[in-house]
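Participant: no sequence for this one, just the structure:
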């Protein structure tokens, strides 16, 4: 198999579904794992608010209890990113990416603030529309090449996936990974978020890096 | 021949997708956009269905589940965003439906037909029957009991898969277990999704 991320060290097969570990995907997996563990053990950051015009400073107390849902979503997001970076099945990849999209909506939306929820809602609309190009890309690859296995597609024994399908796949991942823009919009000023909101940015980065590998080898 | 049909189908589905995208662009009201998103969801399933093999059926189900999950999440966000999450919804509140026998008959037909179909589709139809009955009657439901039933039937389904892998000679037993497990699971899950109006602690 000619692979962009190096020769696979290990290919784990469950019937026709498979998971493979190349140096590239393993690196991404370790990154996702480390940040998931960090989200698991770290406490929420304490936000400090300065009152304009005076010299008063408030330190808001944010407990883990208030952040329970966001922490759960951050961990789920980490698991979904881990799945997305190691899976060797194109449709599973699209499903994991869609799951990253949903959990990102969850991370952003858990704040009880109208502005934040507005941002989360708009991002959710983008994430849901992005499933069309995402599934269309995977569907067209399956229809033209007859397989969804990235290893088989990379081996050169099946026809190359059409450019259109790869472009759709990229477009879908960009749509699902749009979260950091909305998260930044919502979080920077209005809501206590760290460290859980980091998962939004990290998972988007990971799926962007993975889709680059996928579209180059298929 | 089949390739021509696939290309035409693909063109039609993508055209539908583009129409839905344009509608989303033009619409500014958030509730209407939420409803339009449902319309966008259909081309994304249609493009998988175009494969026309049993693989397509296996791929549609997770695609559908992802779509429903996002739609439910978005509608919850919408409720909180607009501050209408605390409004009580306890049924359809239509007198004809809540007094007459028709909902019972329709629900029974749907449930029986669902059981006959079995599997995922049957579960969906039977679940629809239960949802319709509860919506018509506005009955109080026991979430914990339903959740337990869902969990147990899921475990049955998974156990059947292990029988397939470990003891293939009992495949018929496993097949029946998997069919019944998924039927119960989808029925209960669908009923739960249909009845969870607001948080359970309210």
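Facilitator: Sure, I can see it. Treat the numbers as computed from the prediction; the structure is a model and nothing was measured.
Participant: which stretches of chain A have low pLDDT?
Facilitator: A:1-5, A:15-16, A:183-194 (pLDDT under 70).
Participant: close to chain B, is the biggest helix by length in it?
Facilitator: In chain A, taking DSSP state H as the definition, the longest helix is helix A:114-145. Yes. With CB under 8 Å from any CB of the partner chain as the criterion, chain B is reached by helix A:114-145 at A:114, A:117-118, A:120-121, A:124-125, A:127-129, A:131-132, A:134-136, A:138-140, A:142-143. Any C-beta I mention is one placed from the backbone N, CA and C, and that applies to glycine too.
Participant: Show me just the buried residues among these.
Facilitator: If you count burial by 16 or more other CB atoms under 10 Å in any protein chain shown, the buried members of the residues of helix A:114-145 next to chain B come out as A:117-118, A:120-121, A:124-125, A:127-129, A:131-132, A:134-136, A:138-140, A:142-143.
Participant: Which residues does stretch B:7-25 contact?
Facilitator: A:125, A:129, A:132, A:136, A:140, B:33, B:36-37, B:39-40, B:42-44, B:46-47, B:50 (CB atoms under 8 Å, 6 or more residues apart in numbering or on different chains).
Participant: any idea which element the nearest residue to residue B:42 once chain neighbours are set aside lies in?
Facilitator: Sequence neighbours aside, residue B:16 is the residue nearest to residue B:42 in space, at 7.2 Å (criterion: CB to CB, 6 or more residues apart in numbering or on different chains). Assessed by DSSP states H and E, residue B:16 sits inside helix B:2-26.
Participant: Helix or strand next in line after that helix, which one?
Facilitator: helix B:30-49.
Participant: Can you list the helices and strands that that next one packs against?
Facilitator: The contact analysis (3 or more CB pairs under 8 Å, 6 or more residues apart in numbering or on different chains; DSSP states H and E) places helix B:30-49 against helix A:114-145, helix B:2-26, helix B:54-82.
Participant: 10 Å - rerun?
Facilitator: Other helices and strands packing on helix B:30-49, by 3 or more CB pairs under 10 Å, 6 or more residues apart in numbering or on different chains; DSSP states H and E, are helix A:90-109, helix A:114-145, helix B:2-26, helix B:54-82.
Participant: quick one: which of those helices is nearest residue A:43?
Facilitator: Closest to residue A:43 of the helices and strands packed on helix B:30-49, according to CB to CB: helix A:90-109, at 16.4 Å.
Participant: and the helix holding residue B:16, average pLDDT?
Facilitator: If you average the pLDDT over helix B:2-26, you get 86.
Participant: Go through that helix and flag the buried ones.
Facilitator: Buried residues in helix B:2-26, defined by neighbour count with 16+ other CB under 10 Å: B:6, B:9-10, B:13-14, B:16-17, B:20-21, B:24.
Participant: separation between residue B:27 and residue B:179?
Facilitator: Counting by CB to CB, to the nearest Å, the gap from residue B:27 to residue B:179 is 42 Å.
Participant: of those two, who's got more company?
Facilitator: Taking neighbours as other CB atoms under 10 Å in any protein chain shown, residue B:27 and residue B:179 compare with residue B:179 leading, 18 against 14.
Participant: Name the nearest residue to the more buried one, sequence neighbours excluded.
Facilitator: residue B:118 (4.8 Å).
Participant: Residue most distant from the centroid, chain A?
Facilitator: Computed with CA atoms, centre = their mean, the residue of chain A farthest from its C-alpha average is residue A:54, at 41.6 Å.
Participant: helix or strand right after the helix or strand of chain B with the lowest mean pLDDT?
Facilitator: For chain B, using mean pLDDT, DSSP states H and E, the weakest element among its helices and strands is helix B:95-99, scoring a mean of 70. Next along the chain after helix B:95-99, taking DSSP H and E as the criterion, comes helix B:102-117.
Participant: How many neighbouring residues does residue A:85 have?
Facilitator: 26.
Participant: who are the neighbours in contact with it?
Facilitator: Residue A:85 sits next to A:21, A:24-33, A:93, A:96, A:203, A:206-207, A:209-210, A:213 when contact means CB atoms under 10 Å, 6 or more residues apart in numbering or on different chains.
Participant: Looking at these, which are in strands?
Facilitator: Residues of the contacts of residue A:85 located in strands (DSSP state E): residue A:21.
Participant: Please produce a PyMOL select command covering the buried subset of the contacts of residue A:85.
Facilitator: To isolate the buried ones among the contacts of residue A:85 in PyMOL, judged by 16+ other CB under 10 Å, type:
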select buried, chain A and resi 21+24+25+26+28+29+31+32+93+96+203+206+207+209+210+213
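Participant: Let's see which of the contacts of residue A:85 end up in helices.
Facilitator: Among the contacts of residue A:85, the members falling in helices (DSSP H) are A:24-33, A:93, A:96, A:203, A:206-207, A:209-210, A:213.
Participant: So the spatially most central residue of chain B versus residue B:76, what's the distance?
Facilitator: Central residue of chain B (CA atoms, centre = their mean): residue B:190, 5.6 Å from the mean position. Distance, residue B:190 to residue B:76, by CB to CB: 18 Å.
Participant: In contact with residue A:90, which residues are there?
Facilitator: By CB under 10 Å, 6+ apart, residue A:90 lies in contact with A:137-139, A:141-142, A:145, A:147-150, A:152-153, A:161, A:165, A:169, A:214, A:218.
Participant: near chain B at all, stretch A:205-218?
Facilitator: No. Contact of stretch A:205-218 with chain B (CB under 10 Å from any CB of the partner chain) is absent, the minimum separation being 14.7 Å.
Participant: still on that earlier bit, need the helices and strands packed on helix B:30-49 in a markdown table with distance to residue A:80, can you?
Facilitator: Shown next, in a markdown table, are the helices and strands packed on helix B:30-49 (distance: least, CB to CB, whole Å):
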| stretch | distance to residue A:80 |
| --- | --- |
| helix A:90-109 | 4 |
| helix A:114-145 | 13 |
| helix B:2-26 | 25 |
| helix B:54-82 | 11 |
